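A.B. asks: return a 3D structure for these sequence lines:
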Amino acid sequence: MNVQHYFIIRYICGMYKTTLLNAVQAGAAQLQHYFNGNFKITTKEGINNLVTEADHAAEKAIIEVIQNDFPDHFILSEETGEIKSNSAYKWIIDPIDGTVNFSNGIPLCCVSIGLEKDGQMILGSVYNPFMNELFFAQRDQGAYLNEKRIHVSTKTEVIKSCLVTGFPYTYLDSENSPLDVFEKLIRQGIPVRRLGSAAIDLCWVAAGRFDGFYEHSLQAWDSAAGFLMVEEAGGKVTDYKGDYYSPYQPHLLATNGKIHDELLAYVQGKL
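C.D. replies: Model prediction:
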């Protein structure tokens, strides 16, 4: 990145940081309002693909904040879908990541928002109000938890690592499926957790709590903010081929960088 481009990115991020943080907090206020209360739950296509009254309320609050400040921006949100425009800026929103957890009163859930410019993620924030953890990342400026800089772990071997994953509700019996990878790892005594929120998983890799995260089937809103968090905390994020990661494809591997190639071999079925 040349010097001019670097300062342009910093200027842009400074303009939009306030809107981003206001939006995640507006969404989180709705999570807190509905949590452990009585709310409507409906089912989208597929098994255990829930959407709650709180999802819609949080999404509405988030979009109102963004559109109030930047009415011409493109928005991609889990429940509403695309609000298209010709803007170079796209806000990618998950109003509740971890809806199954939320609907069962499990406080491992969050609001996740990423801001993309011309196809590059430049800002991201993930907020779990129940743990009072506000994560924020800015392109080329680092990743933060409650305004304190965070970094990935320093472990160098998968056998000594603590990992996290998620499971889709379909194609579990396909070749080298999520269950196959999981079995190979746990049979070696490697701890692998499942929290139920990809955004939190990624943030916890960024914070050094986990050494790696892999998942076979994600949507853009699941990872848009979190993958930037890992990269800005010094980690590495790729697809399952080991190539550049795009949130618009399903496979994600995020690590501290030191175990990346070894863990990649596991998810590729080479180990």
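
A.B. asks: can I assume residue 255 is in contact with residue 266?
C.D. replies: No: taking contacts as CB atoms under 8 Å, residue 255 lies outside contact range of residue 266: 11.1 Å. No exception for glycine: its C-beta is placed from N, CA and C like everyone else's.

A.B. asks: look at the two and report which has more neighbours.
C.D. replies: residue 255 (28 against 23; other CB atoms under 10 Å).

A.B. asks: mind listing what that one touches?
C.D. replies: When contacts are counted by CB atoms under 8 Å, 6 or more residues apart in numbering, residue 255 touches 152, 205, 211-213, 235-236, 263.

A.B. asks: relative to residue 153, how far out is it?
C.D. replies: Using CB to CB, to the nearest Å, we find residue 255 at a distance of 9 Å from residue 153.

A.B. asks: between these two, what contacts are shared?
C.D. replies: In terms of CB under 8 Å, 6+ apart, residue 255 and residue 153 are both contacted by the residues residue 211.

A.B. asks: so residue 184 touches residue 267, yeah?
C.D. replies: No: at 9.6 Å, residue 184 does not count as touching residue 267 under the criterion of CB under 8 Å.

A.B. asks: on contacts alone, who are the packing partners of the one helix or strand residue 127 maps to?
C.D. replies: Here residue 127, judged by DSSP states H and E, is contained in strand 120-128. In terms of contacts (3 or more CB pairs under 8 Å, 6 or more residues apart in numbering; DSSP states H and E), strand 120-128 is packed against helix 3-34, strand 110-117, strand 133-138, helix 198-206, helix 220-232.

A.B. asks: tell me the strands beside the shortest one, with direction?
C.D. replies: Each strand paired with strand 133-138, and its direction, by DSSP bridges: strand 120-128 (antiparallel), strand 142-145 (antiparallel).

A.B. asks: backbone phi and psi for residue 241, please?
C.D. replies: Dihedral pair for residue 241: phi -90, psi -10, per degrees, to the nearest 10.

A.B. asks: Serialize the helices and strands packed on strand 120-128 to a markdown table and add fields for distance to residue 95.
C.D. replies: As requested, the helices and strands packed on strand 120-128 are exported to a markdown table (distance: least, CB to CB, whole Å):
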| stretch | distance to residue 95 |
| --- | --- |
| helix 3-34 | 5 |
| strand 110-117 | 6 |
| strand 133-138 | 16 |
| helix 198-206 | 11 |
| helix 220-232 | 9 |
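
A.B. asks: what's the most buried one of the ones you listed?
C.D. replies: Comparing these by mean neighbour count (mean count of other CB atoms under 10 Å), helix 198-206 comes out on top with a mean of 30.

A.B. asks: what's the angle from it to strand 133-138?
C.D. replies: If you take axes from the mean of the first three to the mean of the last three CA atoms, to 10 degrees, helix 198-206 sits at 80 degrees to strand 133-138.

A.B. asks: chain center to helix 198-206, what's the gap?
C.D. replies: 6 Å (CA atoms, centre = their mean, to the nearest Å).
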